[in-house]
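Peer 1: Make a model of this:
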Amino acid sequence: MLFSRKDLVKLLGPLIVEQILTVLVGMADVVMVAEVGEAAMSGVALVDSISILIIQLLAALATGGAVICSQYIGKQQLERACHGAGQLILVTTVSSVLFASVALLGGKHLLFLVFGQVEDAVMENAVLYFRITAFSYVFLALYNSGAALFRAMGNSKVSMVASLIMNGINVIGNAICIYGLKMGVEGVAVPTLISRIVAAVLMVILVTRPDNPIHVTGMRDLLPNREMMGKIMGVGIPSGLENGMFQFGKIALQSLVSGFGTASIAGFAAASNLVTLHYLPGNALGLGLITIVGQCVGAGEYEQAKAYTKKLILVNYGILAVICGIMALFSNPIVAIYQMSPEASKLARNLILLHTCGMAVWPLAFPLPNTLRAGLDARFTMTVSIFSMWVFRIGFAYFFVKICNFGVIGIWMGMFIDWIFRAAVFTMRFRGFSSRVRQV
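Peer 2: Down below sits the predicted model:
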């Protein structure tokens, strides 16, 4: 076997810790901004739905680079892997500059276009938060690229430490700016920018060290190479389109939520923030699958790739049972930390309990497709995901909200139908993995 139990723990342990840090800091951001009021909290939530779109597009490109480099490692072609690392950094940096430019030049108009019907106080906070965080996209792209490369090497400890530093700066900065300096939403945005700058500088320094199996050796690796960029984007673009359409759909649904008033926006935002804990093990294990399956495919060990996938999906369900059980039992005190109105708090608790039930199919709908992507089957996952998102999640959400008058709960009912369809299709596709897998 290419990966012993010790190797798996060494790779997956730091990934789980990193995901915990990311989730907890995201929750801390919302809790701290709640101190300023529901209008500020709602404004941050609206902007985050757009920012996450951009972040996911950049993460998809990083995934493309990780898949290609992992396969080259499996093939023992480290020089090609190093060149792929340079091309990944080039692609993500250029893309992030474009995204940041669009956000800075047209951010206000974009917010009014998508969320124009929200209250004036919410929009004012959203515009301010968006302007500041847009500057961080370039630095986040550099950090994500470096983290993806170290994960491809099987060294997820580096990205965990960098994440610890980045998130530590973020939380401490939030506390100082919000509670000490009384800065409002900018007290969340400025520390986010600073923390991403520090993380990017650290990751650039580490990824150029020659003692790493994959490293950027100089300008030669950064000069555009159409063939290598094509391979990276062959995975990254379908994944980016998939993530992009997914987030566009969520923005459309967020716009639907914004019509219910501040209490519903706040309750939905708090619940959405809290249930990210449900996704934590799957997100970490999914990142691990990119490295594990990628190296197995590069080495021609397709059956090992399937065996590792099954093992990690079972691990996902085991961890998920513990997390969901705790959140269901203690939903009242957990929601109370957001200091929301009784109406918003009740809605948040109901959404959490509903989401707990729906997680029974989530691991098959989201972590599992990473195995297909690592086998260069990204176009299939993109097609299925986009179709399911727009037909099932959005279509049924509007049906449940507009026709059945279920309120914001109807949005998650549509989401669960989307998950069930994805899980069924991806499970069937996985069964024929060995016959469809491709190498770089």
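Peer 1: Can you verify my assumption that Val122 contacts Val36?
Peer 2: No - checked against CB atoms under 8 Å, the pair Val122 and Val36 is beyond contact range at 11.9 Å. No exception for glycine: its C-beta is placed from N, CA and C like everyone else's.
Peer 1: Those two: which is more packed in?
Peer 2: Between Val122 and Val36, counting by other CB atoms under 10 Å, Val122 is the more crowded of the two (24 against 19).
Peer 1: Now the more buried one: which helix or strand?
Peer 2: If you go by DSSP states H and E, Val122 is part of helix 120-134.
Peer 1: And Ser345, by the same measure?
Peer 2: Assigned by DSSP H and E, Ser345 belongs to helix 342-358.
Peer 1: Show me what that helix is packed against.
Peer 2: Other elements packing on helix 342-358 under the criterion 3 or more CB pairs under 8 Å, 6 or more residues apart in numbering; DSSP states H and E are helix 262-274, helix 302-329, helix 331-336, helix 409-431.
Peer 1: And the contacts of the helix-or-strand element of the chain with minimal mean pLDDT?
Peer 2: None of the helices or strands of the chain scores lower by mean pLDDT, DSSP states H and E than helix 219-222, at a mean of 78. The set of residues external to helix 219-222 that reach it, using CB atoms under 8 Å, 6 or more residues apart in numbering, is 82-83, 85-87, 89-90, 216.
Peer 1: which stretches of the protein have low pLDDT?
Peer 2: Residues of the chain that meet the criterion pLDDT under 70 lie in 26-27, 30, 38, 114-118, 258.
Peer 1: residues contacting the most centrally placed residue in it?
Peer 2: The structure's the chain has its C-alpha centroid closest to Gln56; by CA atoms, centre = their mean the separation is 5.7 Å. Contacts for Gln56 (CB under 8 Å, 6+ apart) come out as 240, 243-244, 246-247.
Peer 1: and which of the residues you listed is nearest Ile232?
Peer 2: Distance to Ile232 across the contacts of Gln56 (CB to CB) is lowest for Gly240, with 11.0 Å.
Peer 1: Surely the closest one and Ile54 touch.
Peer 2: No - between Gly240 and Ile54 there is no contact under CB under 8 Å: 10.4 Å.
Peer 1: Give me the common contacts of these two.
Peer 2: Counting by CB under 8 Å, 6+ apart, Gly240 and Ile54 have no contacts in common.
Peer 1: Which members of the contacts of Gln56 occur in helices, if any?
Peer 2: Judged by DSSP state H, helices contain the following of these: 240, 243-244, 246-247.
Peer 1: what's the neighbour count on Leu202?
Peer 2: For Leu202, the neighbour count with other CB under 10 Å is 18.
Peer 1: which ones are touching it?
Peer 2: Leu202 is in contact with 162, 165, counting by CB under 8 Å, 6+ apart.
Peer 1: centre of the chain versus the very next helix or strand once past the helix holding Ser345, how much separation?
Peer 2: Using DSSP H and E, the helix or strand that follows helix 342-358 towards the C-terminus is helix 362-365. Offset of helix 362-365 from its chain centre (CA atoms, centre = their mean, to the nearest Å): 15 Å.
Peer 1: Mind giving me the packing neighbours of the next helix or strand after helix 362-365?
Peer 2: Counting by DSSP H and E, the next helix or strand C-terminal to helix 362-365 is helix 369-374. On a contact count with 3+ CB pairs under 8 Å, 6+ apart, helix 369-374 meets helix 38-74, helix 276-298, helix 302-329, helix 378-388, helix 409-431.
Peer 1: got the contact list for stretch 177-191?
Peer 2: Under the contact criterion CB under 8 Å, 6+ apart, stretch 177-191 has outside partners 29, 32-33, 35-36, 40, 43-44, 125, 128-129, 132-133, 169-174, 176.
Peer 1: Which of the residues you listed are buried? Put it as a ChimeraX command.
Peer 2: The ChimeraX command for the buried members of the contacts of stretch 177-191 (criterion: 16 or more other CB atoms under 10 Å) is given here:
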select :29,32,33,36,40,43,44,125,128,129,132,133,169,170,171,173,174
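Peer 1: follow-up on the earlier one: for my notes, please list the helices and strands packed on helix 369-374 in a markdown table and give distance to Gly230 for each entry.
Peer 2: Output for these, formatted as a markdown table (distance: least, CB to CB, whole Å):
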| stretch | distance to Gly230 |
| --- | --- |
| helix 38-74 | 10 |
| helix 276-298 | 17 |
| helix 302-329 | 24 |
| helix 378-388 | 13 |
| helix 409-431 | 24 |
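Peer 1: Among those, which comes closest to Leu193?
Peer 2: Minimum separation from Leu193 across the helices and strands packed on helix 369-374 (CB to CB) falls at helix 38-74, 11.9 Å.
Peer 1: For the helix or strand following the closest one, buried residues please.
Peer 2: Downstream of helix 38-74, the first helix or strand assigned by DSSP H and E is helix 78-115. Going by neighbour count (16+ other CB under 10 Å), the buried part of helix 78-115 is 78, 80-93, 95-96, 99-100, 103, 107, 110-111, 114-115.
Peer 1: And for stretch 395-403?
Peer 2: Of the residues in stretch 395-403, those buried (16+ other CB under 10 Å) are 396-398, 400-401.
Peer 1: Next: stretch 373-391.
Peer 2: 373-382, 384-386, 388-390.
Peer 1: how far is it from where the chain is centred?
Peer 2: Stretch 373-391 sits 16 Å away from the centroid of its parent chain (CA atoms, centre = their mean).
Peer 1: and for that stretch, what are the contacting residues?
Peer 2: Stretch 373-391 is touched from outside by 63-64, 67, 70-71, 234-235, 238-239, 241-242, 245-246, 249, 289-290, 292-294, 297, 302, 305, 369, 372, 418, 421-422, 425-426, 429, 433, 436-440, with contacts defined as CB under 8 Å, 6+ apart.
Peer 1: of those residues, buried ones?
Peer 2: 63-64, 67, 70-71, 234-235, 238-239, 241-242, 245-246, 249, 289-290, 292-294, 297, 302, 305, 369, 372, 418, 421-422, 425-426, 429, 433, 437, 440.
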